[in-house]
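>>> kindly generate the corresponding structure for this input.
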Amino acid sequence: MATTQIPPTASLHGNGLADGAVVSPVPVRSSAKIIAGQPVLTEEAMGWLAYLHRKVGFGGTWFKDDIVHPSWDNLTGAPIGVYHRYDLSYVTMALGLMCDQTPAWREEYTRILRYVADRMLEYWAHWDWAENSGPDPNRANYPEEARVLIPEGWWGKYDIPGWAGNGVEPFPYDPDPVRGNGSCNLMYKGYLNLILSFYNYVSGDDRFDSPFKVVYDDKTEFEYDHRGLNELIVQQWLRNPSGLACEVTKTYPWCNNLTGLAIKLFDNMHGTNFHWSYGAYKKYLRENFMGIPEVGPVEWFSLYYDANIDVNMRGEEHQFAYNWFANAFLGYPQDPELFRRLYEGARKRFLVSQPDGTAFMAGAPGMEVDYPYATITALSISREIGDDETYSALRRWALKTYEPTVDQELGEFYLRLGLDEPWPRGQLNDWIMPAFTITEPGSWSRLFNSPNLSKFREPTLEGVEYPALRPRQAIWDARERALHASFSSVDADAAGRPTTFRVANVLPGATYRVAIDGEVEDRRAAGTNLEIATTIGSHTLTVQQLPV
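Numbering: from 1, shown residues only. Okay, the predicted model is just below:
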C-alpha cells in the first residue's frame, strides 16, 4: 500500500512559538465568530479532528490478508504497546471529550468511532493472542535492558511483557481472544469494551447490543454482544480479585483501570450497575499495588503482578513514570482522592523543572532526561486535575520540544515529536490530545459520572458538510430552548459556496427563530427537521423555540 505524504506543514519551535507562526488551525480572531458563554472546541481539538477525519478516510479493513494503513501506530511503547489496537483504543478519549463539548453535533465523531469499532473486531487488532502462543521462543535472546521487566530469578525462563503466551501453563491454549482462558487477554477485551462504550455514548447507536463477530480468519470467529462482553468481564473479575491478566499470568493496573471506565460508560448507557465489581478490584489494587502512607502522595506503584508465581513488580526499578500518570488519568474518574494521590506521587518522583520555566517528566528513577510518553500522559492528567502550574510548565516544554505542527491547507494539528516519520505517531498524539481538548478541569470525570444523555433527545445538527464547514460549537441550551452553534472553514476554494444542513429533533408544528450571523427569520417546523441554508465560511447560528 502506498504511503500518502502529509502536505507541507508549519511547525512551531522555540521557547514559546516562532514569530508569526499560526498557533492553531482555525484561529478565532473576533468574538463575533462564536456564541459567547457556550462550550467551544479548542483549535487544537478541531485540528486533531480534521486529521482523524483524513486518517479514517483512507479506509480499508483489517482482516488477515489486509495491510493496515501506516498511519495507525504499532510502534509505540515497546515491548508492550506495539499493537494497532492501542491506537484504536486511545483515540477514543479525546473524541469522547469533544462530544461533550459539542453534544448537538456528533456525526463526525460517530463516523470515526464506527471505523475504529469495526477494525477492533478484525484480525490485526487481536492477532497476537492466537499466534504468540506458548512460551516465547526468543526468551534466551532478550536484550539486557529488558531484564528489568522480568521477575528476579526468571531470566531466560519467563516471557517478556508484550508476548501473549496463550497456552503457557497453567492455562490451556484458548483461541477466543475475548474469553481469554477465563482470566487473560484483558489487553483486548477491556479495550474492545472501551471502544464500543464510547461509540454507543457518542452516537446513541445500539448496533453492538446485537450479536457481532470477532474475526480471526474465514474459518475462525467468535460471537458476542456488548452486554455479554460486560457480563463476561465482571464474572471473570469476581473470580480473580487481583485483576484480569493481559499476557498470560501478568496483571496490569493500567488495563484493569481502563476496563473499569469502559464498564462505567456501559452502565450509563444501559441502566446497568456492573461497575460495582470494579470496587473489589480497586480494594486489592489499593492494598497490594500502591504504597499508600497514612497521608500524602503514593510512594510506589506496581508495574504488574503475576499471581501464578506470586511476584509483584513493585521495586524501585519498576517505577515507570508513564505507568503512574496513565493510571492516574484512567483511575481519576473512578476514585478522585486515590488517584490524585497517585498523580501527586508521580509528580514528586518524576518532575524535572528547567531554568526557563518549562518542565518534563523523567521516565524512571535516576533519569534526568525527558521521556515523552511520561510527559504526555502527565499533561493530560494535570489538566484534568487542575494543576495549572505543572500543566503550564509541561505544555511549554511540549510546544518547545515536540514539534506541534499545523497543516494550514488542511486545518490539521498534531505533534511530530521529532520522530521524522511520514505520519504523526498515533498513541502519543492520542494521549496528549485530552490535554489540548479539556477546557476546564474535571471534564474527563464528568463524562463518566455526569454523562450527557439528554443529547439524544435534543435538537442536533445533521448533514454538515464536514470538513469544508467545521462546527466549533453545537449545544442545546434547555433553559433558553435554543440550539447554539458556530462554524469555521479553512477551505479557501469553497469559501462562499452554498451549503445546507438540518437541525434534527425539533418539535413538529413549533415555531423557531433562526438567526444566522444576526439575520433573523421565524419558521414553523413541518416535521422533525429544520433545513438551514448558508455558505462555507465562518458563521454563528441560533435556533430558538418560541413560546406557543
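
>>> from here on, contacts and neighbour counts on C-alpha atoms
Noted.

>>> which SSE is the residue most central in space within the chain in?
Nearest to the mean C-alpha position of the chain, counting by C-alpha atoms, centre = their mean, stands M93 at 2.4 Å. Here M93, judged by DSSP states H and E, is contained in helix 84-101.

>>> which residues are contacting that helix?
Contacts of helix 84-101 with the rest of the structure, by C-alpha atoms under 8 Å, 6 or more residues apart in numbering, involve 39-41, 45, 72-74, 105-106, 109, 113, 116, 120, 124-126, 188, 191-192, 194-195, 198, 202, 426-427, 430-431, 433-434, 437-438, 443-444, 447, 452, 473-475.

>>> switch to 7 Å and redo it
39-41, 72-74, 106, 109, 116, 120, 124-125, 191, 195, 198, 202, 426-427, 430-431, 433-434, 437, 444 (C-alpha atoms under 7 Å, 6 or more residues apart in numbering).

>>> how about stretch 420-427?
Counting by C-alpha under 7 Å, 6+ apart, 5, 71-73, 76, 86-87, 90, 414-416 sit against stretch 420-427.

>>> report the mean confidence score over stretch 375-392.
Stretch 375-392 carries an average pLDDT of 98.

>>> can you check stretch 210-225 too?
98.

>>> what's the first-to-last distance across that stretch?
In stretch 210-225, first residue to last residue: 5 Å (C-alpha to C-alpha, to the nearest Å).

>>> list the buried residues in it.
Of all the residues in stretch 210-225, those buried under the rule 16 or more other C-alpha atoms under 10 Å are 212, 214-216, 221-222, 224.

>>> by neighbour count, which of the contacts of stretch 420-427 wins?
Per-residue neighbour counts (other C-alpha atoms under 10 Å) across those peak at Y414, which has 28 neighbours.

>>> what helix or strand is that one located in?
With DSSP H and E as criterion, Y414 is part of strand 412-415.

>>> contacting residues for the nearest residue to V311 once chain neighbours are set aside?
Residue nearest to V311 in three dimensions, not counting chain neighbours: Y305, with 5.8 Å by C-alpha to C-alpha, 6 or more residues apart in numbering. By C-alpha under 7 Å, 6+ apart, the contact list for Y305 reads 250-252, 311-313.

>>> dihedrals phi and psi, Y305?
phi -130, psi 140 (degrees, to the nearest 10).

>>> and it, what's its pLDDT?
98.

>>> for the one 10 residues further on, same thing?
G315 is assigned 97 on the pLDDT scale.

>>> and it, what does it touch?
G315 neighbours (C-alpha under 7 Å, 6+ apart): none.

>>> and the next helix or strand past the strand holding Y414?
helix 426-437.

>>> following that following helix, which helix or strand shows up next?
helix 443-449.

>>> run through who's touching that following helix.
Against helix 443-449 from outside (C-alpha under 7 Å, 6+ apart): 97, 264-265, 332-333, 384.

>>> model confidence over the helix or strand following that helix, on average?
Using DSSP H and E, the helix or strand that directly follows helix 443-449 along the chain is strand 460-462. If you average the pLDDT over strand 460-462, you get 98.

>>> okay, now the sheet partners of strand 460-462, with direction.
Using DSSP bridges, the strands paired with strand 460-462 are strand 498-504 (antiparallel).

>>> work out for me the element E223 sits within.
Per DSSP H and E: strand 220-224 holds E223.

>>> what pairs with that strand, parallel or antiparallel?
strand 212-217 (antiparallel).

>>> number of residues surrounding P177?
24.

>>> the residue lying closest to it once chain neighbours are set aside - how many residues pack around it?
Distance criterion C-alpha to C-alpha, 6+ apart; nearest residue to P177, sequence neighbours excluded, is W129 at 6.1 Å. W129 has 27 neighbouring residues, counting by other C-alpha under 10 Å.

>>> now for the helix or strand hosting W129, which elements pack on it?
In this assignment (DSSP H and E), W129 forms part of helix 127-131. Contact here means 3 or more C-alpha pairs under 7 Å, 6 or more residues apart in numbering; DSSP states H and E; on that basis helix 127-131 packs against no helix or strand.

>>> pull out the buried residues from that helix.
127-130.

>>> cool, and stretch 491-504?
491, 499, 501-504.

>>> any chance of the residues you listed in CSV, with distance to A280 too?
As requested, the buried residues of stretch 491-504 are exported to CSV (distance: C-alpha to C-alpha, whole Å):
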residue, distance to A280
D491, 52
T499, 53
F501, 48
R502, 47
V503, 45
A504, 43
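
>>> what is the nearest of the residues you listed to I80?
D491 (40.4 Å; C-alpha to C-alpha).

>>> what ranges does the stretch 151-300 of the chain have for its helices?
186-203, 226-239, 253-270, 276-288 (DSSP state H, counting those that start in this stretch).

>>> pull out the buried positions in the last one.
When burial is assessed from 16+ other C-alpha under 10 Å, helix 276-288 yields the following buried residues: 277-278, 280-282, 285, 288.

>>> that helix: how far from the chain's middle?
23 Å (C-alpha atoms, centre = their mean, to the nearest Å).

>>> mind giving me the domain ranges of the protein?
Following automatic domain parsing, one gets these domains for the chain: 43-455, 457-545.

>>> please identify the deepest-packed of the ones you listed.
domain 43-455 (a mean of 20; mean count of other C-alpha atoms under 10 Å).

>>> just the endpoints, please. Distance across that one?
First-to-last residue span, domain 43-455, C-alpha to C-alpha: 23 Å.

>>> cool, stretch 283-303 as well?
OK, stretch 283-303 end separation, C-alpha to C-alpha: 17 Å.

>>> follow-up on the earlier one: mind putting the contacts of helix 443-449 into a markdown table with distance to R395?
Formatted as a markdown table, these follow (distance: C-alpha to C-alpha, whole Å):
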| residue | distance to R395 |
| --- | --- |
| L97 | 19 |
| K264 | 30 |
| L265 | 29 |
| Y332 | 21 |
| P333 | 22 |
| E384 | 14 |
